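> Here's a sequence, model it:
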Amino acid sequence: MIIADLGLIEGRRYPARRRTQNLAGGASPIQPANFAMGHVTLDPDGGQVPWHNQEQEEMYFIIEGTAEMCLADERRTLRTGHAVYIPPRLFHQITNTGSTPLRMIYCYAPAGDVAHWRQELAGTLPHAGIDAPPLPAGASPQCTETP
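From the prediction side, this is the model:
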């Protein structure tokens with residue numbers, strides 16, 4: 001039996017003010033062939049998974065907190081207990097709009113690398129409205145800070 005203990009997984013900090021901990025895939029001891037899963041903590045007041053897209057289909061499940069979710073041209077509020085499905089290749093972004101940390105689970109399939117992690121660390125994410133479609137009207141700005 002292989003167990004990934006969230007309390008023992010250091011994870012990685014990203015410039016957009018979040019910590020990602022791989023539960024399945026990536027640096028996790030669990031390496032499934034068909035999906036990846038992890039825990040993300042977005043810092044209060046603006047922590048973000050910036051505007052990006054990927055080939056995999058994905059799902060976010062909000063464990064705790066309130067967020068603005070942008071998916072293609074839609075913008076909605078997500079709260080504790082909400083899950084959102086993200087089809088392949090659609091640009092999306094999630095931003096913590098609360099004053100406390102937001103905790104969520106992501107799951108994507110098939111398993112494999114998602115380029116936006118490397119792009120964010122390198123400061124090469126596609127810019128909304130320039131290299132990528134624009135964010136929906138009124139959305140929180142995309143974090144494109146370099147480390």
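
> measure the closest residue in space to P133 that isn't next to it in sequence to I105 for me?
Distances taken as CB to CB, 6 or more residues apart in numbering put F91 closest to P133, at 5.4 Å, once the chain neighbours are dropped. Yep, even glycine has a C-beta here, placed from its N, CA and C like the rest. Distance of F91 to I105, given as CB to CB, to the nearest Å: 21 Å.

> So for the one helix or strand in the chain whose mean pLDDT sits lowest, what gets flagged as buried?
Sorted by mean pLDDT, DSSP states H and E, the helices and strands of the chain end with helix 115-122, the least confident at a mean of 89. For helix 115-122, the neighbour count (16 or more other CB atoms under 10 Å) marks 116-117, 120 as buried.

> How about stretch 45-61?
46-54, 56-58, 60-61.

> Widest-spaced pair of these?
Greatest spatial distance among the buried residues of stretch 45-61 (CB to CB): G46 and E57, at 26.7 Å.

> Which residue ranges of the chain form strands?
Assigned by DSSP state E, the chain shows strands spanning 12-14, 18-24, 36-42, 48-52, 57-64, 66-71, 74-79, 83-86, 92-96, 102-109.

> Using JSON lines, lay out those together with mean pLDDT and distance to E145.
Below are those laid out as JSON lines (pLDDT from 0 to 100; distance: least, CB to CB, whole Å):
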{"stretch": "strand 12-14", "mean pLDDT": "95", "distance to E145": "10"}
{"stretch": "strand 18-24", "mean pLDDT": "97", "distance to E145": "12"}
{"stretch": "strand 36-42", "mean pLDDT": "97", "distance to E145": "15"}
{"stretch": "strand 48-52", "mean pLDDT": "97", "distance to E145": "9"}
{"stretch": "strand 57-64", "mean pLDDT": "98", "distance to E145": "22"}
{"stretch": "strand 66-71", "mean pLDDT": "98", "distance to E145": "18"}
{"stretch": "strand 74-79", "mean pLDDT": "98", "distance to E145": "22"}
{"stretch": "strand 83-86", "mean pLDDT": "98", "distance to E145": "23"}
{"stretch": "strand 92-96", "mean pLDDT": "98", "distance to E145": "14"}
{"stretch": "strand 102-109", "mean pLDDT": "98", "distance to E145": "19"}
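
> Thank you, goodbye.
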